[in-house]
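S.K.: Pasting the sequence and the predicted model now:
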Amino acid sequence: MRRSTNRNHGFSLLEMMIAMALGSIVLAAAVQLYSQGVSATWTVTQRAEMQQDFRAAANMLTKDISLAGASMGNNVQIALPSGNGIQLPIYGCDQIPKCYINGGAVAYPTQLVAGVPVPYLYGLIPGSKFGPILNAAPGATDIITVVNADTNLLLSCYTVSVTTATRVQFKLDVDHTKWPCQTPLLNPQKLNDGVVGLTPGDLIRLNVTIGVGVGATSSTVIGEVTNVIDRGNDTYDIRFNAGDPLRMNQPTAANGSIANIVGGTGSGTRINVISYYIDNSITPPRLMRQVSGHTPIPVAEGVAFLQFTYDLYDFNTGTMRTNQADGGAALGMTPSQITKINIVHMSVYSTMHGAKGYQGLDLQTSVSARDLTFKNDYPLSTN
């Protein structure tokens, strides 16, 4: 019997070790390339998302600023409730009530009239350093508040009768030829409409006339809606009860209250008091937008700073006052003299798993609000 001498040879230990080492090197290189590709894709995606959010926030902010004072009449300056024992009206609060601007509310600016501080609503209200401190070096952030008339709800189709210090009747004008809303909207909305109707927290500007003939007087008063009651036949009782969160309804006020115009008739307009501020109560900080007495909504997250300055025209000296952080208050000027708003910084940064990222964007621009002043107050060059 003959035995075969052929044998099947496998890898030696040395060959196997060399093969494993080479495979590990190739695999590590592949993993490194894959990781770099994923990281680059994530970075590009993150930057694209940040740019999109930043662009949307910048567009919203600049649009609202450009509409400051729109449809409010030239040189907006409306006196609010004032007198002995009266609380200053505020903004930055909702119907809970909860106040949000740096954890609190902001009072409207005042002017001394016959020795009495009278608060005023302007088309634009600066808020230098009214916001929270995000970084110690630049200091406190700014807020900004703009006011315009809401043309979506056609209150101008209703006639107004001030019946008591807390109740105003709105009745649809039977004379359709007086409606400014015939085209394209054939019928004005109901005031209790679930989409565009009045709700608690809305602010209404009432323009009324008291008396008749040569003895008649005209007044403009701001009130905060607290309730809407449908009386039928296109008639609504709008309540402006005392104790409202924004302190607009103060029946005991000597001036600027609905109680001062009882018996008056005229028209009403819903106005938007829009505030932009930074909320740092959560991480990352967010840019917020609040309208009148309603709950604020977030506009952009990862906000690092917000700062404004203002250009004003001094009527007394005929000179421009530029880059005034306080809106000219230190110079004895009022917001009604503002001609241009400078967005010095609206800075945002990227976020990475809830923490601050390493990418950022900064908006720096100027916005002219054509409805703030009654004429073009920019001086012409003599050269």
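M.R.: Looks like it arrived, so ask away. Numbering: from 1, shown residues only.
S.K.: What segments of the protein are helices?
M.R.: For the chain, the helices defined by DSSP state H cover 13-66.
S.K.: what ranges of it fall below the confidence cut-off?
M.R.: 1-11, 34, 36-45, 174-186, 352-358, 374-383 (pLDDT under 70).
S.K.: Tell me where the stretch 51-200 of the chain has strands.
M.R.: Assigned by DSSP state E, counting those that start in this stretch, the stretch 51-200 of the chain shows strands spanning 77-79, 90-91, 106-107, 110-113, 116-122, 124-127, 133-135, 139-140, 143-149, 158-162, 167-172.
S.K.: Can I get those strands in TSV including mean neighbour count?
M.R.: Yep, even glycine has a C-beta here, placed from its N, CA and C like the rest. Listed next are those as TSV, based on neighbours: other CB atoms under 10 Å:
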stretch	mean neighbour count
strand 77-79	17
strand 90-91	23
strand 106-107	18
strand 110-113	12
strand 116-122	20
strand 124-127	23
strand 133-135	14
strand 139-140	14
strand 143-149	25
strand 158-162	21
strand 167-172	19
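S.K.: burial measure for Asp53, as a count.
M.R.: Per other CB atoms under 10 Å, the neighbour tally for Asp53 reads 18.
S.K.: who's in contact with it?
M.R.: By CB atoms under 8 Å, 6 or more residues apart in numbering, the residues touching Asp53 are Ala300, Glu301, Val348.
S.K.: For the nearest residue to the second one once chain neighbours are set aside, which residues count as its bridge partners?
M.R.: By that I understand Glu301. Spatial nearest neighbour of Glu301, chain neighbours left out: Arg286 (4.7 Å); criterion: CB to CB, 6 or more residues apart in numbering. Beta-bridge partners of Arg286, counted by DSSP bridges, are Asp279, Glu301.
S.K.: Go ahead and confirm Arg286 touches Ala300.
M.R.: Yes. Arg286 is in contact with Ala300 according to CB atoms under 8 Å; the separation is 6.7 Å.
S.K.: wait, what's in contact with the closest residue to Asn148 other than its chain neighbours?
M.R.: Setting aside the residues directly before and after it, Asn148 is nearest to Ala70 in space (CB to CB, 6+ apart), at 4.1 Å. Counting by CB under 8 Å, 6+ apart, Ala70 touches Asn148, Ala149, Asp371.
S.K.: before we move on, the earlier item: OK, contacts around the residue nearest to Glu301?
M.R.: Residues in contact with Arg286, defined by CB under 8 Å, 6+ apart, are Ile278, Asp279, Pro298, Val299, Ala300, Glu301, Gly302, Val303.
S.K.: Just the buried residues of those.
M.R.: Ile278, Asp279, Val299, Ala300, Glu301, Gly302, Val303 (16 or more other CB atoms under 10 Å).
S.K.: how close does the second one get to Thr141?
M.R.: As for Asp279, its distance to Thr141 is 11 Å (criterion: CB to CB, to the nearest Å).
S.K.: Which neighbours do these two have in common?
M.R.: Going by CB under 8 Å, 6+ apart, residues that sit against Asp279 and also against Thr141 are Pro132.
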